[in-house]
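S.K.: mind folding the following:
(2 chains)
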Protein chains: 2
Amino acid sequence: MDQSQKKQGSVPKYELLYHPEIPGRAEYIRLIFEATGTPYSDISNHERTGYTKVQKIITETNPPAFAPPALLIHDPDYDGESIVISQTPNILLYLGLKLGLVPEGDEMAMYHANGLTMTALDMCNEAHDVHHPIDVEQYYEEQRSEAIKKSDVFRKRRIPKFFAYFETVLKKNTEGCGKYLVGKRLTYADTTLWQVLEGIDFAFPNTVRKISKNYHLLFSNFRDNIKDQKGIKEYISSNRRRPFSMGIFRHYPELDT
Amino acid sequence: MDQSQKKQGSVPKYELLYHPEIPGRAEYIRLIFEATGTPYSDISNHERTGYTKVQKIITETNPPAFAPPALLIHDPDYDGESIVISQTPNILLYLGLKLGLVPEGDEMAMYHANGLTMTALDMCNEAHDVHHPIDVEQYYEEQRSEAIKKSDVFRKRRIPKFFAYFETVLKKNTEGCGKYLVGKRLTYADTTLWQVLEGIDFAFPNTVRKISKNYHLLFSNFRDNIKDQKGIKEYISSNRRRPFSMGIFRHYPELDT
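M.R.: Presented below is the predicted three-dimensional model:
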């Protein structure tokens, strides 16, 4: 075995398994790779028949994945076995620990970051359910009247509740200076919440414009700080960053007013 | 310090922070304690002013919890500091690792169990959203017509999709003999899925009666096996086990047919 092969074999290789084009739930995973400068392949976006391969892998693996995103891991420590794990917060935990996006040397802070990540993802799920309140497999237009009702609740009560919560978290984490949710350096809770804020702003721009001044730490210190992080900054201006469109976060003017 | 105090101080003490009466999301946590014979206090159910205390603790802790359930941990290893963590799957992970309800000596199997737990909880969340499709803070009666629409989708497509998925997981895990989701012994993925099945059966008994024969491993091997596990069996027949009522899983005949 020559040197290059040896070296290649000594680090884990990551393949992201997701739908093509949309940022979606995979974006939370991409942000970990990008913030840590970790190479990864995104096969639905990189290979012409990538999504067929994704579906085959997640169905055939043991246990199968219920739905994308999933992560295919080739780690030399696993005796050459390729392993697939699924569920967004599960993948974030795995990569956060492997790639160092957790609080250092503080077990409980890791659980705090993990819990905050889940609350940010709950907000993401609710934003999705606003445009699909009845049936995830049907078109938006089929459930538009229910979506309008739900959007009213989401804008008036749920968004302010989530924003106020994260504002308080930032305020209480004094060593983070409003820039980080836990401790004084970047964790995957930060990259996840940042992406949710971007998504909410894309989907509900008028709402965010109107109320963001009430959450100063969240919309000034935090949001600006995360987008300027090494790795994230370069990623945002690259063509690897996919724009929001018709995925989880969608902009329907009638749901925003 | 006398011997009893020393002994008391040497093991972690767990306090479950949740709403009183209903099993709710806290039940997934209770099942870990019960299956492992771990003492815990359930302060909303044990103390007359317990829920006031719960609200105070989850608001004042740092970071605060977005919502119950939360877990208050007094661990002598944490220098006498009491720590609160929140988010159901986060608490399950923590306790699963501490109390040994994860696959032994197999890191990736731990992530598989953790991911399957999250998929079971997704099914729980969808079952909840069936009776509250528009607004979690309003009464069911205010969103009854939307709930009826959503229940049709849930019964005809989502329940079969989740059941078929877990049936496949059981089939593929050959060493589990249809009794365990991962490996050959109990994990918190099993206790969590079991509780979701109980909840779905409570809320949609006609649906389950009609289709459960299509998922033999799930409804014979698995369900019977988990309810007979040491700790779980005793718990089910104790008065600590709260019946389903008007919590996450609710039985409205018009949503079942």
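
S.K.: CA only for contacts and neighbour counts going forward, please
M.R.: Will do.

S.K.: show me what from chain A comes close to chain B.
M.R.: Contacts of chain A with chain B, taken as C-alpha under 8 Å from any C-alpha of the partner chain, map to A:62-64, A:66, A:83, A:85-87, A:90, A:94, A:108, A:111-112, A:114-115, A:118-119, A:133-135, A:146, A:149-150, A:153, A:165, A:169, A:172-173.

S.K.: filter those residues down to the buried ones, PyMOL style.
M.R.: Provided next is the PyMOL selection string for whichever of the residues of chain A next to chain B are buried by 16 or more other C-alpha atoms under 10 Å in any protein chain shown:
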select buried, chain A and resi 62+63+64+66+83+85+86+87+90+111+112+114+115+118+119+133+134+135+146+150+153+165+169+172+173
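
S.K.: in strands only, show me the residues of chain A next to chain B.
M.R.: Applying DSSP state E to the residues of chain A next to chain B, the entries found in strands are A:83, A:85-86.

S.K.: now do the closest residue to chain B within the stretch 151-257 of chain A, the pLDDT please.
M.R.: Per C-alpha to the nearest C-alpha, residue A:169 is where the stretch 151-257 of chain A lies closest to chain B, at 5.5 Å. With respect to pLDDT, residue A:169 scores 98.

S.K.: list the contacts of the closest residue to residue A:117 other than its chain neighbours.
M.R.: Sequence neighbours aside, residue A:189 is the residue nearest to residue A:117 in space, at 4.5 Å (criterion: C-alpha to C-alpha, 6 or more residues apart in numbering or on different chains). Contact partners of residue A:189, counting by C-alpha atoms under 8 Å, 6 or more residues apart in numbering or on different chains, are A:113-114, A:116-117, A:120, A:181.

S.K.: part of a helix, is residue A:189?
M.R.: Yes: checked against DSSP: H, G, I helix; E, B strand; the rest coil, residue A:189 lies within a helix.

S.K.: can you give me the mean pLDDT across stretch A:126-146?
M.R.: Per-residue scores along stretch A:126-146 average to 98.

S.K.: show me where chain A has its helices.
M.R.: A:3-10, A:26-35, A:43-46, A:50-60, A:88-99, A:107-131, A:144-153, A:159-172, A:188-203, A:205-211, A:216, A:223-227, A:232-236 (DSSP state H).

S.K.: distance to residue A:20 added to those, as a markdown table?
M.R.: Below are the helices of chain A laid out as a markdown table (distance: least, C-alpha to C-alpha, whole Å):
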| stretch | distance to residue A:20 |
| --- | --- |
| helix A:3-10 | 27 |
| helix A:26-35 | 10 |
| helix A:43-46 | 5 |
| helix A:50-60 | 7 |
| helix A:88-99 | 16 |
| helix A:107-131 | 18 |
| helix A:144-153 | 26 |
| helix A:159-172 | 28 |
| helix A:188-203 | 18 |
| helix A:205-211 | 25 |
| helix A:216 | 35 |
| helix A:223-227 | 24 |
| helix A:232-236 | 18 |
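
S.K.: what are the buried residues along stretch A:192-208?
M.R.: A:192-197, A:199-205, A:207-208.

S.K.: equivalent analysis for stretch A:121-133, please.
M.R.: A:121, A:123-124, A:126-133.

S.K.: just to revisit the earlier point, any idea how far residue A:181 is from the residue of the stretch 151-257 of chain A closest to chain B?
M.R.: For residue A:169, the distance to residue A:181 equals 6 Å [C-alpha to C-alpha, to the nearest Å].

S.K.: ditto for residue A:217
M.R.: Taking C-alpha to C-alpha as the measure, residue A:217 falls 11 Å from residue A:181.

S.K.: same drill for those two, tell me which one is more crowded.
M.R.: residue A:181 (33 against 22; other C-alpha atoms under 10 Å in any protein chain shown).

S.K.: wait, isn't that one in contact with residue A:170?
M.R.: Yes: here residue A:181 reaches residue A:170: they are 5.4 Å apart, a contact under C-alpha atoms under 8 Å.

S.K.: appreciated, that's everything.
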